[in-house]
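quick one, fold the following:
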Amino acid sequence: MSSLYKLKARNKRSNKKQDKRVSFDRNELRILLNEYSRRVAAGEWRDYAIDHGRERAVFSVFRHTAEHPLYSIEKLPTNIGKTRRYGLLRGPIRLSQDTSLVNLLSTIEKRPNLISIG
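Numbers count the residues shown, from 1 in each chain. Take a look at the predicted model:
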């Protein structure tokens, strides 16, 4: 004979809190993709990847598809009462950190570029 068991309802609020992932909002994606498209048109960048996780969201840009990222722009989670933080990385090295995504992207503009002569 079969038995009937009543399952305990899961608390949706606590479950959402545990599954909370850091992600880029629409405005941040607009800023990132505008910069990306400008750099693609200039021939500097070729591909990008977006990763969302519990600890951070990362927008990585590549010069060539099969390489390590040229730059990674990360969005770190905000704590209650604190401002949003963004970081600019080149490999494992943190180049810059700012509360404004636009200011952070201007850091890339200020970096010297290698040019070939001849």
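
what about the strands in this structure?
Per DSSP state E, the chain carries strands over the ranges 47-52, 57-62, 71-76, 85-90, 93-98.

just the ones you listed: most buried one?
Most buried of the strands of the chain, by mean neighbour count (mean count of other C-beta atoms under 10 Å): strand 71-76, with a mean of 21. Quick note: C-beta positions are derived from backbone N, CA and C, even for glycine.

what's the angle from that one to strand 85-90?
Using axes from the mean of the first three to the mean of the last three C-alpha atoms, to 10 degrees, one finds that strand 71-76 and strand 85-90 are set 160 degrees apart in direction.

paired strands for strand 71-76, with orientation please.
Strand 71-76 has the following strand partners under DSSP bridges: strand 57-62 (antiparallel), strand 85-90 (antiparallel).

okay if I get the strands of the chain as CSV plus mean pLDDT and distance to Ser23?
As requested, the strands of the chain are exported to CSV (pLDDT from 0 to 100; distance: least, C-beta to C-beta, whole Å):
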stretch, mean pLDDT, distance to Ser23
strand 47-52, 94, 5
strand 57-62, 96, 5
strand 71-76, 94, 8
strand 85-90, 93, 13
strand 93-98, 92, 19
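
distance to Leu32 added to those, as TSV?
Shown next, in TSV, are the strands of the chain (distance: least, C-beta to C-beta, whole Å):
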stretch	distance to Leu32
strand 47-52	8
strand 57-62	5
strand 71-76	7
strand 85-90	10
strand 93-98	14
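
ok, which of these comes nearest Asn27?
Asn27 lies closest, by C-beta to C-beta, to one member of those: strand 71-76, at 11.9 Å.
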